[in-house]
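> Okay, sequence plus prediction incoming.
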Amino acid sequence: MYTIAGLAQPDTLEEAYRILLHRRTNAILGGCAYLRLGRRKIGTAIDLSKLSLNYIIETEARVEIGAMATLREIETHPALRSLYDGMLTKAVGNIIGVQFRNVATVGGSVFSRYGFSDLITALLALDSEVELYKQGWLALTDFLARPFERDILVRISIKKDGRRAAYHSLRNSASDYPLLNVAVSRHDDAWRIAVGARPNVAVLAPQAAAQLAAGAGSPEGIAAVARAAASELTFGSNMRASASYRQAMCQVLVKRAVLEVLSCR
Amino acid sequence: MQIECVINDQKTVLEANAGELLADTLRARGLLSVRKGCDTACCGLCTVWIDGKPTLSCAVPVFRAQGKHITTIEGVSEEAAAFARLLAAEGAEQCGFCSPGFIMTVLAMKRELKNPTEADIVHYLTGNLCRCTGYMGQMRAVKKYLGVAS
Ligand SMILES: Cc1cc2nc3c(=O)[nH]c(=O)nc-3n(C[C@H](O)[C@H](O)[C@H](O)COP(=O)(O)OP(=O)(O)OC[C@H]3O[C@@H](n4cnc5c(N)ncnc54)[C@H](O)[C@@H]3O)c2cc1C
Ligand code: FES
Ligand code: FES
């Protein structure tokens, strides 16, 4: 369990960021669910509750999700049930339980770049962007590739570009961490295949996606795409699964997700 | 620090440290139905409602209760008793330690879902673990309670 010496509830992001940089032990609070697992001694805990970051807004062109929106709010948002073929609803739906998802936030989930993250894998396939207070707008791909820098995740933005999508994860038991997760999306002929919980954080499989763009729609073609994804990515072992099991399952999940996207009309 | 909130329909001012968890503050106030069954935010025993939503009180820092309505099983005792009778009739409980959190989730589900399927029910209740039973009795009781038993 973490400890908190003092609490700040700033009225602006500028103030929150200033406090964050003021001392190394200061920290932003999301839903505090993951913080609870550690033993951090937090100097000033920075609560973002006054910054109105708890929103999911759908405009003509985009979906914007504020950092303090909860995973359950993503899951139950009416528009997100149909947009992207309900991929986000499905991606967060296996994380512990309803009561947990009413607590855990989008900001805490994405900023922390957890390897096992279901949400990051889904967002990566959707070509999402993240807004950080200091670093500004970044493609999620770039954010994940950057070295860690103290900052505040403000919101996430996803284009409404008619993209079709599918999400699959594999767990040893319901509500456990995933041992692999795969998200696939298609926008016209451009495909994105994201694989996470390898156990490292999600990355794209560009070569496999390029094969799909070139029209690998036959059963043999899709099997080749799945093999390509499993061989261009790296996998590791941990207590949930070995690297070779993950690699084998990557083929299965990629194939399922691609077939599902191809069947979306 | 002082936190003003409404607990089981009563306006309350809580005195707590900034880092205190809602579950601990509620227990310290004598709401002993609120139990903690794990250290990892994954058992659901500590479920209370915040503004009507089932929430893990072991994960929420108490200062987040400011201005909110908190409901524990003590605040919905009649409804809880009605469901508990169904649970008992199905022989679903053994030690009963998991029951308050489980019942709070079931009552929240009844408000949130219309005519749920078995899969919907399992999905909603996945976050409530029970160490003693095999969940079958609970499922029978829940279906009867929601009026979806076949
Ligand atoms: C037991 C358990 C099981 C889990 N299982 C899964 C799973 O199966 N799949 C999955 O995808 N996820 C899983 N998670 C992770 C979970 O979904 C959340 O991602 C996690 O709890 C972090 O969200 P939070 O709001 O609780 O963040 P917190 O615990 O509050 O914060 C986590 C970190 O992020 C920082 N932070 C928070 N918000 C911001 C922000 N806006 N800007 C910058 N930094 C910020 C904090 O300082 C802290 O370092 C699990 C977590 C737990 C505790
Ligand atoms: S005590 Fe286990 S989830 Fe809260
Ligand atoms: S009856 Fe004992 S833990 Fe559920």
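That came through, no problem. Ligands and ions are numbered 1, 2, ... in the order given.
> Now do residue B:102 against residue A:100, distance only.
15 Å (Cβ to Cβ, to the nearest Å). Yep, even glycine has a C-beta here, placed from its N, CA and C like the rest.
> now do residue A:142
30 Å.
> shaky segments in the chain?
Reading this off chain A. Low-confidence segments of chain A (pLDDT under 70): A:265.
> Sorry, I should have been clearer: chain B.
Chain B contains no residues with pLDDT under 70.
> again, only using 90
Counting by pLDDT under 90, the ranges of chain B that qualify are B:18, B:93, B:150.
> interface residues of it facing ligand 3?
Proximity of chain B to ligand 3 is confined to B:93, B:94, B:95, B:96, B:97, B:98, B:130, B:131, B:132, B:133 under the rule Cβ under 6 Å from any ligand atom.
> out of the residues you listed, which one sits closest to residue A:170?
The shortest approach to residue A:170 among these belongs to residue B:130, at 24.9 Å (Cβ to Cβ).
> contacting residues around that closest one?
Listed by Cβ atoms under 8 Å, 6 or more residues apart in numbering or on different chains, the contact partners of residue B:130 are B:98, B:102, B:138.
> Filter the residues you listed down to the ones in helices?
Mapping the contacts of residue B:130 onto helices (DSSP state H) picks out B:102, B:138.
> Not counting sequence-adjacent ones, nearest residue to residue B:9?
The shortest distance from residue B:9 to any non-neighbouring residue, by Cβ to Cβ, 6 or more residues apart in numbering or on different chains, is to residue B:75 (6.3 Å).
> if you count residues, which strand in chain A comes out on top?
Longest strand in chain A by number of residues (criterion: DSSP state E): strand A:178-187.
> Please point out which parts of it sit buried.
Neighbour-count burial for strand A:178-187, counted by 16 or more other Cβ atoms under 10 Å in any protein chain shown, picks out A:178, A:179, A:180, A:181, A:182, A:183, A:184, A:185, A:186.
> wait, does it contact chain B?
No - remark: strand A:178-187 sits outside contact range of chain B, by Cβ under 8 Å from any Cβ of the partner chain, the gap being at least 14.3 Å.
> Following the chain onward from the helix or strand that contains residue A:220, which element is next?
Using DSSP states H and E, residue A:220 sits in helix A:219-232. Next helix or strand after helix A:219-232 toward the C-terminus (DSSP H and E): helix A:243-263.
> buried residues in that next one?
A:246-247, A:249-251, A:253-258, A:260-261.
> just checking: which of those residues also lie near ligand 2?
Contacts with ligand 2 are made by none of those, judged by Cβ under 6 Å from any ligand atom.
> Tell me the one of the residues you listed nearest residue A:124?
Set against residue A:124, the nearest of the buried residues of helix A:243-263 by Cβ to Cβ is residue A:257 (13.0 Å).
> tell me the contacts of the closest one?
Residue A:257 neighbours (Cβ under 8 Å, 6+ apart): A:166, A:167, A:168, A:182, A:183, A:184, A:193.
> Now render those residues as CSV, adding distance to residue B:63.
Shown next, in CSV, are those (distance: Cβ to Cβ, whole Å):
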residue, distance to residue B:63
A:166, 40
A:167, 35
A:168, 39
A:182, 39
A:183, 36
A:184, 41
A:193, 42
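> now those in CSV, with distance to ligand 3?
Below are these laid out as CSV (distance: Cβ to the nearest ligand atom, whole Å):
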residue, distance to ligand 3
A:166, 36
A:167, 32
A:168, 32
A:182, 35
A:183, 35
A:184, 39
A:193, 42
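> Which member of those residues is positioned nearest residue A:72?
residue A:167 (16.9 Å).
> Make sure that closest one is indeed in a strand.
Yes - according to DSSP: H, G, I helix; E, B strand; the rest coil, residue A:167 belongs to a strand.
> Is it in contact with residue A:93, as I believe?
No - contact status for residue A:167 versus residue A:93: not in contact, 9.4 Å apart, counting by Cβ atoms under 8 Å.
> of those two, who's got more company?
residue A:167 (28 against 20; other Cβ atoms under 10 Å in any protein chain shown).
> which residues does that one bridge with?
Beta-bridge partners recorded for residue A:167 (DSSP bridges): residue A:183.
> Quick one: the helices in chain B, in order.
Counting by DSSP H, the helices of chain B are B:22-28, B:77-89, B:99-112, B:118-125, B:136-146.
> now the ones you listed in JSON lines, with distance to ligand 2?
Below are these laid out as JSON lines (distance: least, Cβ to the nearest ligand atom, whole Å):
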{"stretch": "helix B:22-28", "distance to ligand 2": "7"}
{"stretch": "helix B:77-89", "distance to ligand 2": "19"}
{"stretch": "helix B:99-112", "distance to ligand 2": "8"}
{"stretch": "helix B:118-125", "distance to ligand 2": "13"}
{"stretch": "helix B:136-146", "distance to ligand 2": "17"}
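> can you put those helices in JSON lines and add distance to chain A?
Converted to JSON lines, these look like this (distance: least, Cβ to the nearest Cβ, whole Å):
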{"stretch": "helix B:22-28", "distance to chain A": "10"}
{"stretch": "helix B:77-89", "distance to chain A": "16"}
{"stretch": "helix B:99-112", "distance to chain A": "7"}
{"stretch": "helix B:118-125", "distance to chain A": "6"}
{"stretch": "helix B:136-146", "distance to chain A": "14"}
